[in-house]
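Colleague: A structural model of the following input is requested.
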Amino acid sequence: MNRAALVLRTDAAFSFLETTLPTGSLNLFGVDLEVTADDSLFLDELGRVLGSGHRLADYPLASHVMRVHVDAANGEWGKVVVHGDDLRDPAGFLLSFGSATIPLRAIDGRDDAVALGDSDEPLFVFDGDSAAFRRVPRWRRILANFLMMRVLRLRSEFLFFHAASVGIRNAGVMLVGPKGTGKSTLSLALAARGHAFYGDEMAVYNPIDGMLLPFRRPVGIKPGPRASAIESALSRTTATPDEEGMLRIPVTDVLDIADVIPQALRTVIFLKGFGPSAAMQKIEAGRDELASMQPIAASMQDGTKASHVFQMIRLLSHCQCYHLTAGGPDETAALVERQLELAQAP
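Modeller: Next up, the predicted model:
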């Protein structure tokens, strides 16, 4: 039997099923994702996108099952079939997470197809539970991200943010800012100082109980300044950057850190860019801070947008909020640590 691992690490919370096709399964926030594919490299990519399993011990989560089959072995086009959700407009949903690196666009006169960049040829053509996809050079990454977003959509009670998250003194901290403001760098620098690492690209918040949940995908490390401990650890790895210059590796490859549990979110730090030295100022969050929260599209479905905006307002009103101008990574992490430990001291 042909078997393939869905992740690159051997200690991830995955169970593998023997089948005539490579198969993997994982639990992502209570959603059991079962995938069969005739392309084992796609399963590797899905593992890199999703990280290790996220079954949270002793944390109540409703159960869902999503089953996916990918047929991509031959020709210019592949096919994916998804069972387990009620997504009625997959083309619109896919368009909602296009980015500068994956420039998706609608095709005039068609509501069943999505194109990539300047191409006039569809990238995806949807038909009910199935979709044909063109095997462009990055098709594995695009499809893996599409499936991840569909899984997260099933957890509509959560808010997912483009943010990093850590725990300091047993309290959750979310680091918010536009791309390139140092969220990954700061979260790793804080983790290198012994604080809990939850994730560097996506923060998960449960408005029902106010808890920040870990979502440890492989960390994205860009060229540029890094905490000294991270720089030292990277010098001992053999990992190579991807085509965008990003080094994506499990955080445990660079830091000896333990698993973490959900913690109450107490602090939101808004990264405001870089300066000659680190500076941090406590603020009363307002409209500008709310606008910069960057919820992920899977969190803002039709019918939930208004309630989730209200939940974000409540989140900010219950948290201590700060503006942070970053300096060097170690200096900035030390400042954040000092400020928050003082704020949380009895």
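
Colleague: where along the stretch 1-150 of the chain do the strands fall?
Modeller: Counting by DSSP state E, counting those that start in this stretch, one finds strands in the stretch 1-150 of the chain at the ranges 14-15, 23-28, 31-37, 64-71, 77-83, 104-106, 113-116, 122-127, 130-134.

Colleague: Please name whichever of those strands is nearest to Ser235.
Modeller: Closest to Ser235 of the strands of the stretch 1-150 of the chain is strand 14-15 (Cβ to Cβ; 29.8 Å). Any C-beta I mention is one placed from the backbone N, CA and C, and that applies to glycine too.

Colleague: Let me know the average pLDDT across the closest one.
Modeller: In this model, strand 14-15 has a mean pLDDT of 33.

Colleague: One more: stretch 34-44?
Modeller: Averaging pLDDT along stretch 34-44 gives 90.

Colleague: now do stretch 256-267
Modeller: Regarding stretch 256-267, the rounded mean pLDDT is 91.

Colleague: and the residue nearest to the spatial centre of the chain, what is it in contact with?
Modeller: When Cα atoms, centre = their mean is applied to the chain, the residue found nearest the centroid is Met202 (3.7 Å). The contact partners of Met202, by Cβ atoms under 8 Å, 6 or more residues apart in numbering, come to Phe160, Phe161, His162, Ala163, Phe215, Arg217, Ile296.

Colleague: What degree of burial does the third one show, as a neighbour count?
Modeller: Looking back up the chat, that one is His162. 16 (other Cβ atoms under 10 Å).

Colleague: For it, which residues are in contact?
Modeller: By Cβ under 8 Å, 6+ apart, the contact set of His162 is Lys179, Glu201, Met202, Gln294, Pro295, Ile296.

Colleague: Distance to Ala91 and mean neighbour count added to the strands of the stretch 1-150 of the chain, as TSV?
Modeller: Compiled in TSV, those are given as follows (distance: least, Cβ to Cβ, whole Å; neighbours: other Cβ atoms under 10 Å):
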stretch	distance to Ala91	mean neighbour count
strand 14-15	30	16
strand 23-28	23	21
strand 31-37	22	21
strand 64-71	18	18
strand 77-83	14	17
strand 104-106	7	16
strand 113-116	5	20
strand 122-127	5	20
strand 130-134	9	19
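
Colleague: closest to Glu284 out of those strands?
Modeller: strand 23-28 (35.5 Å).

Colleague: now the closest one against strand 64-71, angle please.
Modeller: Relative orientation of strand 23-28 versus strand 64-71 (axes from the mean of the first three to the mean of the last three Cα atoms, to 10 degrees): 150 degrees.

Colleague: counting contacts, what elements does strand 23-28 pack onto?
Modeller: strand 14-15, strand 31-37, helix 40-50, helix 139-153 (3 or more Cβ pairs under 8 Å, 6 or more residues apart in numbering; DSSP states H and E).

Colleague: what is the mean pLDDT for it?
Modeller: Looking at strand 23-28 alone, the average pLDDT works out to 78.

Colleague: what angle sits between that strand and strand 31-37?
Modeller: With the same axes, to 10 degrees applied, the angle from strand 23-28 to strand 31-37 works out at 160 degrees.

Colleague: Beyond the longest strand anywhere in the chain, next helix or strand please.
Modeller: The single longest strand within the chain, with elements called by DSSP state E, is strand 263-274. Later in the chain than strand 263-274, the nearest helix or strand by DSSP states H and E is strand 279-283.

Colleague: hmm, who's touching that next one?
Modeller: Identification of contacts with strand 279-283 by Cβ under 8 Å, 6+ apart yields 269-270, 289, 320-325, 327, 335-336, 339, 343.

Colleague: can I see the domain layout of the protein?
Modeller: As assigned by automatic domain parsing, the chain contains the domains 14-153, 159-344.
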